[in-house]
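# Sequence and predicted model, in that order:
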Amino acid sequence: MPENEQQEIGDINFAQSLIKLSLESLKPMEGNTIEITSLTSNQSFKAQIDEVVIGKTEGKRWESFVIYLDVCPKQDVVLTQGYYRVNFNELGIYDLFSSPNSETELEFCFNFDKKLRAEEKALKTS
């Protein structure tokens, strides 16, 4: 299956590569509006990338970052814990797990072993 191939709603893609997602690739997208679909309720909505920050586990071994998304106003959306299909436009479409922080804010946390991530990047470029 090609990387990040679109699947039917409800089919969660656990085998996708997250190599394109990083603090460096997402930070410039702050303020952009993106399309999201809840894979639990099948609701689609727009959200703004509010902030991309370094995560608490960032260090010598771990690459860590957090994405905060705010649901755009005037949408009848109920955020629940579960999987969301997130379209980061040129970076691709990803099925990601979130527990909402509030009625309007989603938080996605990422923690990668730096050594394994470097090995995956090397394989992608060879």
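Noted; the coordinates are in hand.
# For residue 109, grab the count of nearby residues.
Residue 109 has 15 neighbours, counted by other C-beta atoms under 10 Å. Yep, even glycine has a C-beta here, placed from its N, CA and C like the rest.
# for it, helix, strand, or coil?
Here residue 109 is strand, with the state taken from DSSP: H, G, I helix; E, B strand; the rest coil.
# Name the residues linked to it by a beta bridge.
Beta bridges link residue 109 to residue 66, judged by DSSP bridges.
# Quick check, it in contact with residue 66.
Yes - the pair residue 109 and residue 66 qualifies as a contact (C-beta atoms under 8 Å) at a distance of 5.1 Å.
# which neighbours do the two share?
Common neighbours of residue 109 and residue 66, counting by C-beta atoms under 8 Å, 6 or more residues apart in numbering, are residue 55.
# what residue ranges in this structure are flagged as low confidence?
1-10, 14-15, 126 (pLDDT under 70).
# Need phi/psi at residue 93.
As for residue 93, its main-chain torsions (degrees, to the nearest 10) stand at phi -110, psi 130.
# How about it, nearest residue that isn't a chain neighbour?
Leaving aside its chain neighbours, residue 93 sits nearest to residue 87 (4.9 Å; criterion: C-beta to C-beta, 6 or more residues apart in numbering).
# how about the one you found, what does it touch?
Neighbour list for residue 87: 34-36, 93 [criterion: C-beta under 8 Å, 6+ apart].
# ok, residue 115 - how many residues close by?
Other residues close to residue 115 by other C-beta under 10 Å number 9.
# With residue 102 instead?
10.
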